[in-house]
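Novice: Sequence and computational prediction follow.
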Amino acid sequence: MSAGGAADAGRPAPSAAGAGPDGPLLRVRDLGVSFAGPHGEQLRAVDGVSFDLAAGEALGLVGESGCGKSLTALSLVRLVDEPPARTAPGSSVRYRGEELVGAPPSRLRRVRGAEIGFVFQEPMTSLNPVKRVGYQVAEPLIAHEGLSRAAARDRARELLARVELPDPERALRAYPHELSGGMRQRALIAMAIACGPSILVADEPTTALDVTVQAQILELLARLRRETGMALLLISHDLAVVGEVADRVAVMYAGQIVERGPAAELFRAPSHPYTEGLLRAVPSIERRDRRLAVIPGRVPAPGSWPAACRFHPRCPYAWERCATEAPPEAALDEEGGRHSRCWLVAEPARRAGHGYVEVGG
Amino acid sequence: MIGRVTDLLLPGARDLRGRPLRGVAVLLAWIGLWALAVLRRDRLLATPGAGRPDWWIALLGLVTALSIVWRAGRPRATGRDPAEPDGEWAAVRAAFARHRLATAGLTLVALLALVAVLTPYLAPYDPAAQGADLVATRFQAPSWAHLMGTDRFGRDVLSRVLYGGRVSLLVGTLAVVIAITLGSLVGAVAGYARGWVDTVSMRTVDLLLSLPRLVLLITIIAFVDPSTTLIIVVLGLTGWMGTSRLVRGEVLSLREREFVQAARVLGFGRARILFRHVLPNVATPIIVAATLGIGNTILVEASLSFLGFGVPPPTPSWGDMVLRGVRDMHEAPWLVLFPGVAIVITVMSFNLVGDGLRDALDPRASREAAP
Amino acid sequence: MRTNFGLDRPIPEQYAAWLGNFVTGDFGFSFSRFRPVSEVLAEAIPNTLWLGGASLIVVFVVGCAVGIVQSVRQYSRTDHALTFVTLLLYSIPTFWLGVMLVLWASSPSWPDALLLPVSGMQSLDYDRLGLWGRVADRARHLVLPTIALGLSSAAAVARYMRGSMLETIDEDYIRTARAKGLSERRVVFGHALRNALIPIVSLVGLFLPILFGGAVVVEKIFAWPGMGMVMYEAVSARDYPLVMAGAFLFAVLVIVGNLLADLLYAVVDPRIRYR
């Protein structure tokens, strides 16, 4: 599966601004989440994250484990436990122009489920084992739209059929342990879209599933998007998955977004060295002649993040400035569609003579 | 091996190597204590009415008490103890030390042990001594002369509580030692051997657990006359089942771990693997079970004495004191109040320690702010 | 008379005879009460069941309530205070609690209106009371013994419940429920509680022997004519047939209780229903 050949698939082109009168559907600026570390200091697990999500658009949030991508998604609607985590001051999450950080819990509850739906990574444990699947899928309908149990049940049946569960009637009455992993994930997706949210956040929806089922789930997500025009925030460590689905991509490293832009462009010509390294490390059937590259070093843990540019110890292009000054997110083009958090944007000449070492031989 | 024994009997002797001054000071203190114990052994070993046969019980109690006191001092020791095989214990100790209630419990336990050992020196009166003038000295409310009052025979309640405490602690500790040993053996063998050994053992455990412990105890006592030794043994024999289940579970999961497979490949015999490799790793949950077990056993022993089936008189016992005090409790509530409070404090300190240890073992506990 | 009762025959023969009788339902004759053992026990069992049942309810209702409160307000002052209280209660011997309750309830300063009886199962004029009178009378007599018997175990259950709730709230499906936008109340009481109760149900089997053992002591203190009282008196009198039969019956009660608890467990946890 090549990363980068995806932009041509028949996907609805995101509207030019993707924006309503109040700006993009979801506007995140400077989102930070901190934890208390073992010695009491505040560790920023998510630091200065900014991105936009337009209506109907699919944004892929890519990064390795521990980079803070799941935390970012959860903190959009304050699904993180407030102690021990804290949303950093100055964070802003605007949904349809309305500020969610600091919003009253009742409003957030309404947004969750009804406006922004979530699908998580673990289908095996994300369903309540003692309640029937049908009930759990119908629950948001009862809670948000005030449907009667019977009406909600019918809607749930429809939803289960829509996510391509083979026997919706049986699934309605079943308990989670009677369903397979793939079926559970479908049920979870049904639950997430039940109230017709405008954004679906999918956190590693396929990671825990078999490869064949993965493809099916991704297909399902793409189809649902087409049918409902819903926006998708897809979080994954798997570049191939993201490449399949996303219109735009944001790459995260050590709690920060290091590069973002349209998927096709980003995969074809990455700007940030980390993105480049990731892409070079992905084996590709089409490009069998190319050797794999390895990013030297290891992902740092929160609390031991390098100073200034967090990637500099592993970066093949780094120079003195990278170790002393933290690069801001710089725009690569005038429309503001591409950004990279790297000094190479300011000093592109520094690229010459450096690069990733290829493995093998 | 010798090192461990000397460490147990003369705690702090190790420090002679690293910090000689401190080592000498501690050593002298302990030698002094032992000298005192030996020279004054008749007073020290006096358990009124119990007579000579209990001297070995008292000796064991002394060693146990000293060990507890020593262990209580250890969390303050600096540096890593080279004798500990796994750093896990150091982490557990640190977590335990952070837990304020738990360290309070440990201090209390150490204090109780010390009081129990030094009772003959601490008790203001002879617990069996009846008041000179029965009418004048009976049922005296707590006062400076008698801190806990006197009973119907003019005996000082405080002294009786202190001596009763010795018995309770001794009985509780020894019974738990028996129970833990037996339970660990059965559980370890059952968990390691599996198969029919396991099934038979666990079914037996289930069967024995279906009888309430107190009922089983009094049934046995109906057939034999109780003595202190018998009570200890019977308490031990009725309390091992929980430990065996616990140990079996741990051993079952441990035997699949790599280090066990490695030992098997190296050709070690089953018994050797079991005792020298697997069991040490189960040590910490066993210690938790033992600590909580002592608290529980003291409660059971007290209940037994309250029913009149416990350690025979004239050995004082808290439960027995409550039993005899009920008759007069309307005029002299202190007769039932103080023994009960003593039980509560004692059991509570053991429970605090056990809880603290259990929390310290729980990997998620490191996230919590200790109360 | 020794010949009559076969007491001059060798012990193993006596035991064999007893065993043979026992398994055929002949529990023998009680020396201390001059009645057949089965009669004595048949009278006493219901009384203990009353006491045990009431205690069981107190233990689990109160215990779970406290545990839930603690888990919902984790780390608050309420939580810490309740932790201390439950630890304290857990360390109190049942017999002492009973004695203290008797002392307290029979003290002269106790208000007359709330008079709680400290002895026996029913008042002297029980038979002359109407239905509601009898119910009230039985209830009033149950109050103190039930508290004495159940409080300690309730504290233990509270600790377990707190732990279970805290564990459950960490589970993934609770995160899902929150992500669905359900109210916190619904999440806690609709989802978390149901799941947290499952391991607690298995505790019923654990606490039955404890409650029955405690009944021996409590029945003695409150002069409650149940099996505990019978056992106590039988052992005191060395009435061996009664002792053996009583012990056996206790075991049977516990086993039956465990079976019922297992059934309850299957009701509560759908995962094990079809095994």
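Specialist: Looks like it came in fine. Residues are numbered from 1 along each chain as shown, chains lettered A, B, ... in the order given.

Novice: For residue A:30, grab the count of nearby residues.
Specialist: 14 (other Cβ atoms under 10 Å in any protein chain shown). In this view, the C-beta of every residue, glycine as well, is placed from N, C-alpha and C.

Novice: Does it touch residue A:44 like I think?
Specialist: No: at 11.3 Å, residue A:30 does not count as touching residue A:44 under the criterion of Cβ atoms under 8 Å.

Novice: what touches both of those two?
Specialist: residue A:88 (Cβ atoms under 8 Å, 6 or more residues apart in numbering or on different chains).

Novice: In the stretch 51-200 of chain C, mark out all the helices, start to finish.
Specialist: C:77-90, C:94-105, C:131-169, C:172-179, C:184-185, C:193-221 (DSSP state H, counting those that start in this stretch).

Novice: Nearest to residue A:189, out of those?
Specialist: helix C:172-179 (11.7 Å; Cβ to Cβ).

Novice: wait, does that closest one contact chain A?
Specialist: Yes: contact of helix C:172-179 with chain A (Cβ under 8 Å from any Cβ of the partner chain) involves C:172, C:173, C:175, C:176, C:177, C:178, C:179.

Novice: Contact partners for the residue of chain A found nearest chain C?
Specialist: Nearest to chain C in chain A, going by Cβ to the nearest Cβ, is residue A:113, at a distance of 3.0 Å. Contact analysis of residue A:113 by Cβ under 8 Å, 6+ apart lists A:140, A:143, A:144, A:192, A:194, A:195, A:197, C:179, C:180, C:181, C:182.

Novice: The first one: what secondary structure?
Specialist: Three-state call for residue A:140 (DSSP: H, G, I helix; E, B strand; the rest coil): helix.

Novice: Can you give me the buried ones in the helix or strand in which residue C:18 is found?
Specialist: Assigned by DSSP states H and E, residue C:18 belongs to helix C:11-23. Burial within helix C:11-23, assessed by neighbour count using 16 or more other Cβ atoms under 10 Å in any protein chain shown, is assigned to C:18, C:22.

Novice: So which elements touch that helix?
Specialist: Here helix C:11-23 touches helix C:240-268, going by 3 or more Cβ pairs under 8 Å, 6 or more residues apart in numbering or on different chains; DSSP states H and E.

Novice: Counting neighbours, what do you get for the closest residue to chain C within the stretch 1-150 of chain B?
Specialist: Nearest residue of the stretch 1-150 of chain B to chain C: residue B:101, at 7.8 Å (Cβ to the nearest Cβ). Other residues near residue B:101 come to 18 when the count uses other Cβ under 10 Å.

Novice: Then the one 5 residues further on?
Specialist: Other residues lying near residue B:106 total 24 when counted by other Cβ under 10 Å.

Novice: Which element, helix or strand, includes residue B:237?
Specialist: Going by DSSP H and E, residue B:237 is part of helix B:228-238.

Novice: does chain C sit close to that helix?
Specialist: No: Helix B:228-238 stays clear of chain C (Cβ under 8 Å from any Cβ), getting no nearer than 10.7 Å.

Novice: avg pLDDT for the helix or strand just after that helix?
Specialist: As assigned by DSSP H and E, the chain's next helix or strand after helix B:228-238 is helix B:241-254. The predicted model assigns helix B:241-254 a mean pLDDT of 88.

Novice: got the contact list for the residue of the stretch 51-200 of chain C found nearest chain A?
Specialist: Using Cβ to the nearest Cβ, residue C:181 is the residue of the stretch 51-200 of chain C that sits closest to chain A, at 3.0 Å. Counting by Cβ under 8 Å, 6+ apart, residue C:181 touches A:109, A:110, A:111, A:112, A:113, A:114, A:140, A:143, A:144.

Novice: and stretch A:329-347, how far apart are its ends?
Specialist: 14 Å (Cα to Cα, to the nearest Å).

Novice: what residues does that stretch touch?
Specialist: For stretch A:329-347, using Cβ under 8 Å, 6+ apart, the contacting residues are A:48, A:50, A:256-262, A:265-266, A:271-273, A:309, A:317, A:319, A:321-322, A:325, A:327-328, A:350-351.

Novice: I'd like to know which of the residues of helix C:172-179 next to chain A is nearest to residue A:298.
Specialist: Once Cβ to Cβ is applied, the member of these that ends up nearest residue A:298 is residue C:172, at 27.7 Å.

Novice: Just confirm that closest one contacts residue A:118, I think it does.
Specialist: No: Residue C:172 is beyond contact range of residue A:118, at 11.5 Å (criterion: Cβ under 8 Å).

Novice: Residue ranges in the chain under the pLDDT threshold?
Specialist: Unless you meant another one, I'm taking chain A. The model of chain A has pLDDT under 70 over residues A:1-22, A:284-290, A:336, A:359-361.

Novice: nope, chain B
Specialist: B:1-30, B:32-34, B:36-98, B:131, B:273-276, B:280, B:362-371.
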